[in-house]
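Chemist: Need the 3D shape of this:
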Amino acid sequence: MKITYGFWQTEFPVAPEEFDELDETHSPWHETPEQIEAALEYGREKARLLRWVRRHMRARLTPRERRYVHLVFFRGMTYLEAAQRTGVHPSVVHRSVQRSLAKLRRQLMSGRTRGRLRVTRFRGAPFPG
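Modeler: Purely as a prediction, here's the structure:
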């Protein structure tokens with residue numbers, strides 16, 4: 001095990017079987033099985049939602065709109081960075097992204113979605129604790 005403090009590094013040799021004897025209930029990162037399952041379910045639900053978004057982006061958005069949404073939401077760029085990358089004004093990127101989100105929102109609320117998609121707000125902690 002190596003512990004790093006700033007530029008100081010200290011190594012402590014630990015046999016792997018010693019980890020089995022550790023009491024994890026007093027660890028600050030200990031999670032109950034219920035919390036772990038809740039976090040996994042949150043991840044599965046988020047993955048289903050992302051698959052739905054990608055599928056409907058291909059079906060409903062123009063290539064230009066898809067590119068702006070991809071740069072802003074999947075690459076994490078600001079409107080200004082996306083505009084500089086594509087050679088347009090930032091307001092063009094902003095309007096296109098807002099229009100694209102409105103299209104996807106209308107499609108979601110229309111109820112005509114393939115497969116089962118459960119809509120959940122992904123705000124706050126994914127599981128209690």
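
Chemist: tell me which element the residue nearest the centre of the chain is part of?
Modeler: By Cα atoms, centre = their mean, the chain has its centre lying nearest to Lys46, at 7.3 Å. Element membership for Lys46 (DSSP states H and E) is helix 33-60.

Chemist: that older thread, need the pLDDT of the residue nearest to the centre of the chain.
Modeler: Listed pLDDT for Lys46 reads 90.

Chemist: Which strands or helices does the strand or helix carrying Ser91 pack on?
Modeler: Taking DSSP H and E as the definition, one finds Ser91 inside helix 90-110. Contacts defined by 3 or more Cβ pairs under 8 Å, 6 or more residues apart in numbering; DSSP states H and E place helix 90-110 against helix 33-60, helix 63-69, helix 79-86. To be clear about C-beta, it is placed using only N, CA and C from the backbone, and glycine gets the same treatment.

Chemist: buried stuff in the second one?
Modeler: With burial defined by 16 or more other Cβ atoms under 10 Å, the residues of helix 63-69 counted as buried are Glu65, Arg66, Arg67, Tyr68, Val69.

Chemist: and if you look at stretch 56-65?
Modeler: His56, Met57, Leu61, Glu65.

Chemist: Hmm, the second one is touching Val69, no?
Modeler: Read that as Met57. Yes: look at Met57 against Val69 with Cβ atoms under 8 Å: they come within range, at 6.4 Å.

Chemist: hang on, the earlier thing: tell me the spacing between the residue nearest to the centre of the chain and Ala39.
Modeler: 11 Å (Cβ to Cβ, to the nearest Å).

Chemist: for Val53, same thing?
Modeler: According to Cβ to Cβ, Val53 and Ala39 sit 21 Å apart.

Chemist: again, but for Val93
Modeler: Val93 is 34 Å from Ala39, by Cβ to Cβ.

Chemist: And for Phe74?
Modeler: Going from Phe74 to Ala39 by Cβ to Cβ gives 22 Å.

Chemist: Need the contact partners of stretch 61-76.
Modeler: The contact list for stretch 61-76, computed with Cβ atoms under 8 Å, 6 or more residues apart in numbering, reads 57-58, 77-79, 81-82, 85-86, 93, 96-97, 99-101, 103-104.
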